[in-house]
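Trainee: A predicted structure for the sequence below; I have some questions about it.
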Amino acid sequence: MAFLISSAIVLGCRKGDPGPAGTANVFYSDWSNTAPWIASTTSTGSGKETWYLDIAEPRITQDIVDKGAVLVYAKFVGDPDGDLVKALPSTYYDNGSTLSQYHFQYAVSPGKVRIICDVMPAGKPANTNQIRYIVIPGGISID
């Protein structure tokens, strides 16, 4: 009897039709040059200069800031390791030396991605580097 019941359950269960292919509303930007850099007036200190640039992105909502994720990647043009794509935050050494460090990071707020670069001891990041970002809306909470 148990065999008949388990057989009926197994044979009665079928997979549903596959859903449409998709990326769960994930979107990404094109690669763009890092320009124009603006000197920071709030993040200052001895031994460094801080620069930033803002990218307007109206699809980054408060809901994405609170429940989703924004990932930012950079191509450091002329990097001694080659034009590799690196996730931010990342540190770039000018021409492979340790004389100048460029520490790239980012911040997000509704409507904006801000790319930040601390240069130690001094300098300005290149306009020819490139960045792109990927926005992942939140889905189901794990709580």
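Mentor: Thanks, I have the structure now. Residues are numbered from 1 along each chain as shown.
Trainee: Just the pLDDT for the closest residue in space to Ser141 that isn't next to it in sequence.
Mentor: Of all residues not flanking Ser141 in the chain, Lys67 sits nearest, at 7.5 Å (C-beta to C-beta, 6 or more residues apart in numbering). (Each C-beta comes from the backbone N, C-alpha and C, glycine too.) Among the per-residue scores, Lys67 shows a pLDDT of 94.
Trainee: Tell me how many other residues surround Lys67.
Mentor: Residues lying near Lys67 (other C-beta atoms under 10 Å) number 14.
Trainee: list the contacts for it?
Mentor: Counting by C-beta atoms under 8 Å, 6 or more residues apart in numbering, Lys67 touches Pro137, Gly138, Ser141.
Trainee: Would you quantify the distance from it to Gly138?
Mentor: 3 Å (C-beta to C-beta, to the nearest Å).
Trainee: Asp63 too?
Mentor: Counting by C-beta to C-beta, the separation of Asp63 from Gly138 is 7 Å.
Trainee: what's the answer for Gln62, then?
Mentor: Separation of Gln62 from Gly138 (C-beta to C-beta): 11 Å.
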